[in-house]
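Engineer: From the sequence below, what's the structure:
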Amino acid sequence: MPGHEPNSPFADEVVAGVLAHMNGDHADDSLVICKALGDRPDATAAVMTGFDDRVAIFDATVPEGVVEMRFDWDRPIKDRTDVRMAVVAMFRDAQARLGITPA
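Structural biologist: Predicted structure coming up:
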């Protein structure tokens, strides 16, 4: 399944649900993450393509095409609630690095 990393502890439906939520409701947040944490201020779009208990994976659109970006979680990830908390932490860190005031 796309987005489901080998040996991932997450069921397919959990991965699908998180990816649908991130890409449907938080595409702008993914872009902020890729611009700041991926050191690609030239990114124009981003989608979360997968994750496991170690990393979050995004595809960012940059002038030369699409590049994969992998970001280590800042905490152990065991379930969907942990994923949500870790993505929010990643987004807040990215906002701070870009000087964006949280809404």
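
Engineer: Give me the contact list for the longest helix along the chain.
Structural biologist: Counting by DSSP state H, the longest helix found in the chain is helix 80-98. Residues from elsewhere that reach helix 80-98 (Cβ atoms under 8 Å, 6 or more residues apart in numbering): 10, 14, 17-18, 22, 26, 29, 32-33, 35-37, 51, 56, 71, 73-77, 100-102. Glycine gets a C-beta too; all of them are placed from N, C-alpha and C.

Engineer: same question, stretch 49-68
Structural biologist: 2-5, 7-10, 15, 18-19, 30-31, 33-34, 38, 40, 42-48, 69-73, 76-78, 83, 86-87, 90.

Engineer: Buried by neighbour count, from those: which ones?
Structural biologist: 3-5, 8, 10, 15, 18-19, 30-31, 33-34, 38, 40, 43, 46-48, 69, 71, 73, 77, 83, 86-87, 90 (16 or more other Cβ atoms under 10 Å).

Engineer: Just these: which are in helices?
Structural biologist: Using DSSP H, these in helices are V15, V18, L19, S30, L31, I33, C34, V83, A86, V87, M90.

Engineer: In TSV, list the residues you listed along with distance to V62.
Structural biologist: Converted to TSV, those look like this (distance: Cβ to Cβ, whole Å):
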residue	distance to V62
V15	25
V18	24
L19	21
S30	14
L31	11
I33	14
C34	9
V83	25
A86	24
V87	21
M90	19
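
Engineer: Now for those: which two are most distant?
Structural biologist: The largest separation in these, counting by Cβ to Cβ, is between V15 and L31 at 20.7 Å.

Engineer: Quick one: low-confidence residue ranges for this protein.
Structural biologist: 1-7 (pLDDT under 70).

Engineer: Show me what the nearest residue to L31 once chain neighbours are set aside bridges to in the sheet.
Structural biologist: Nearest non-adjacent residue to L31, counting by Cβ to Cβ, 6 or more residues apart in numbering: A46, 4.4 Å away. Beta-bridge partners for A46, by DSSP bridges, are A60.
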